[in-house]
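> Okay, here's the prediction I keep looking at, along with the sequence it came from:
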Amino acid sequence: MRLFTLIAATLFAATAAISCNSSSEELLDIIVDPPDRKEIDVSMMGVNNFFLTNQQGGFGEQLVEIRDTLGLKFVRVLFAWTDDVQPAPGVAPFYGFYDEIVDSIPPGIDILPVLVHTPTWMTDSANWIEGNPRTTWVENWLRPTVERYAGRSGIIGWEVWNEPDLLAVQSDIVLGLDIPANYVELLSASNAVIRSVDPTKLIVIAATESINQDFPNNLNYNKDLQMLGAEALVDVWNIHYYGEQFERIVVSGGIADFLGGLSKAVWVTESGEANPSGQLPYVETVWPFLREKIPNITRIYYYRYANFGVEPPYGLRQGGNSVSDLYMHLRDR
């Protein structure tokens, strides 16, 4: 009786937390019998690498380790528009860091650059093209970057921004991307440039913060993007997934229903676990469940290759010679 009461209370709490109608039977099944661990499909796995530390060697050495030691073929990187890249309007962007990444791509690896962020001078509206900060971002950052690397075989596509619902850099606030219509405006202009300048490359929509967290707000942002026509502007829909919250996948009108209803492939470009001894159980539980419930997921990128500074220890490499259980599994399989 106590067990039944506990299950019923948990089910009620889960149903109340998601604030929508759903099958109590399916939710109860997830609560009582969580997903089992299963082997992941490494052929669909990639990794984020931001090349922020030289502890693991040069850019080429890191990419070769990812390919040869870990057996991964897909790498997601950040191409951030910062003061270091362009300290003032009218000054040509400095691409040295990004050139080194692109020039280091070995055969058998494709990279997905994420075009993101703004230099501080973007906070002055006098520097905007036609008074529009989003037009300015596309013309002064996305266009020259895509033109510079157009046709490079190691680049699979272009991801237009990262987590537009989150303010990560203070100057980014001028773009107003927390409003879905503003992001779709930026995406539409980006689509026109990429299709004309680098037409063989994929266009990847920006993922929100983890779609299963702050539920249903992050999911609703995705739904708003689709309603505003974003699906027609991209080749790949993109999500981030941290934590578990399996009931939010299966709930009626939830994550699986939304993503499964898209006409495009879905990539999970960030997903991971901060505990270096819990990474393997996490991916072997969450990722197979996601792919079972959302069959149009075709890639999942682990977050991330190596730790940096004081950030949470998500890295496959933990610093020095210390590596996580997932790193060892990939290396030794």
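Yep, it's here. No experiment lies behind these values; they were computed from the predicted model shown.

> Please count neighbours and contacts with C-alpha atoms only from this point.
Fine.

> where along the stretch 101-250 of the chain do the strands fall?
Along the stretch 101-250 of the chain, the segments classed as strands by DSSP state E, counting those that start in this stretch run 110-116, 157-160, 202-205, 236-240.

> Can you find the helix or strand of this structure with the lowest average pLDDT?
Least confident helix or strand, the chain: helix 2-18 with a mean of 41, by mean pLDDT, DSSP states H and E.

> contacting residues for residue 246?
Contacts for residue 246 (CA atoms under 8 Å, 6 or more residues apart in numbering) come out as residue 30.

> Equivalent analysis for the one 10 residues further on, please.
Remark: with contacts taken as CA under 8 Å, 6+ apart, residue 256 is in contact with 249-250, 293-294.

> again with residue 286
35, 244.

> Need the three-state assignment for it.
Under DSSP: H, G, I helix; E, B strand; the rest coil, residue 286 falls in the helix class.

> For residue 30, report the pLDDT, please.
At residue 30, the predicted lDDT confidence score is 76.

> just checking, it is part of a strand?
No. Per three-state DSSP, residue 30 lies outside any strand segment and is helix.

> Redo the strands of the stretch 101-250 of the chain as JSON lines? Include mean neighbour count and mean pLDDT.
Formatted as JSON lines, the strands of the stretch 101-250 of the chain follow (neighbours: other CA atoms under 10 Å; pLDDT from 0 to 100):
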{"stretch": "strand 110-116", "mean neighbour count": "22", "mean pLDDT": "98"}
{"stretch": "strand 157-160", "mean neighbour count": "25", "mean pLDDT": "99"}
{"stretch": "strand 202-205", "mean neighbour count": "24", "mean pLDDT": "99"}
{"stretch": "strand 236-240", "mean neighbour count": "25", "mean pLDDT": "98"}
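
> Centre-most residue in the chain?
Nearest to the geometric centre of the chain sits residue 269, at 3.2 Å (CA atoms, centre = their mean).

> What pairs with the strand or helix carrying it, parallel or antiparallel?
Residue 269 belongs to strand 265-271 when assigned by DSSP states H and E. In the sheet, strand 265-271 lines up against strand 236-240 (parallel), strand 297-302 (parallel) (DSSP bridges).

> Out of those strands, the one nearest residue 38 is which?
Among those, the nearest to residue 38 by CA to CA is strand 297-302 (15.2 Å).

> In that closest one, which residues are buried?
297, 299-302 (16 or more other CA atoms under 10 Å).

> nearest to residue 128, of the residues you listed?
residue 301 (34.5 Å).

> Please report how far that closest one lies from residue 85.
26 Å (CA to CA, to the nearest Å).

> can you check residue 305 too?
When distance is defined by CA to CA, residue 305 is 24 Å away from residue 85.

> which of those two has more neighbours?
Between residue 305 and residue 85, counting by other CA atoms under 10 Å, residue 305 is the more crowded of the two (23 against 19).

> What confidence value was assigned to residue 320?
Residue 320 is assigned 85 on the pLDDT scale.

> still on that earlier bit, next step: the contacts of residue 256 restricted to helices.
Counting by DSSP state H, the contacts of residue 256 place 249-250, 293 in helices.
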